[in-house]
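1. Okay, here's the prediction I keep looking at, along with the sequence it came from:
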Amino acid sequence: QVQLVESGGGSVQAGGSLRLSCAASGRTFSSYALGWFRQAPGKEREFVATITDSGDDTYYADSVKGRFTISRDNAKNTVYLQMNSLKPEDTAVYYCAARTPGGVRITNRGYEYDYWGQGTQVTVSS
């Protein structure tokens, strides 16, 4: 069982930056692939970024590529999402998710993630 708790959300003007953190419980954190997803009001949840268990590979949605960076610190059981050059369309609740070992190495499909945090709000004003 893994519990995930996001933090770092807030309000920022367009062009600004935020860094989200997601702290995980459990001794097997380093064996989980991790991802960030987001959901804007009235829209479906969408994939943002993912990182492998070892941190040696990442994958991003086209909409955030070049602006967002996912990273992890296995010693701290934490995954991060550095968000730069924020746009109003980035406004959403951001969720981190963990995927148990096995299956494909990289995936942007939400249903393949087993554990989810409660989310943190990010609001970008123009």
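-> Received it, and whenever you're ready, just let me know what you need.
2. How far does stretch 46-60 sit from its chain's centre?
-> 9 Å (CA atoms, centre = their mean, to the nearest Å).
3. Show me what it is in contact with.
-> 30-39, 61, 64, 68-72, 74, 79, 81, 94, 101, 105-110 (CB atoms under 8 Å, 6 or more residues apart in numbering). (C-beta placed from N, C-alpha, C; glycine too.)
4. In strands, which of those fall?
-> Within these, residues falling in strands by DSSP state E are 33-39, 68-72, 79, 81, 94.
5. follow-up on the earlier one: could I have the ChimeraX command that selects the buried members from the contacts of stretch 46-60?
-> To isolate the buried ones among the contacts of stretch 46-60 in ChimeraX, judged by 16 or more other CB atoms under 10 Å, type:
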select :32,33,34,35,36,37,38,61,64,68,69,70,72,79,81,94,107,110
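6. and the closest residue to T28 other than its chain neighbours, what is it in contact with?
-> Nearest residue to T28, sequence neighbours excluded (CB to CB, 6 or more residues apart in numbering): V2, at 7.7 Å. By CB under 8 Å, 6+ apart, the contact list for V2 reads 24-26, 28-29, 32, 98, 114-115.
7. Need the buried ones from those residues selected in ChimeraX.
-> Only the buried members of the contacts of V2 enter the following ChimeraX selection, criterion being 16+ other CB under 10 Å:
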select :24,29,32,98,115
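8. Identify, from the contacts of V2, the entry nearest to E6.
-> A24 (10.4 Å; CB to CB).
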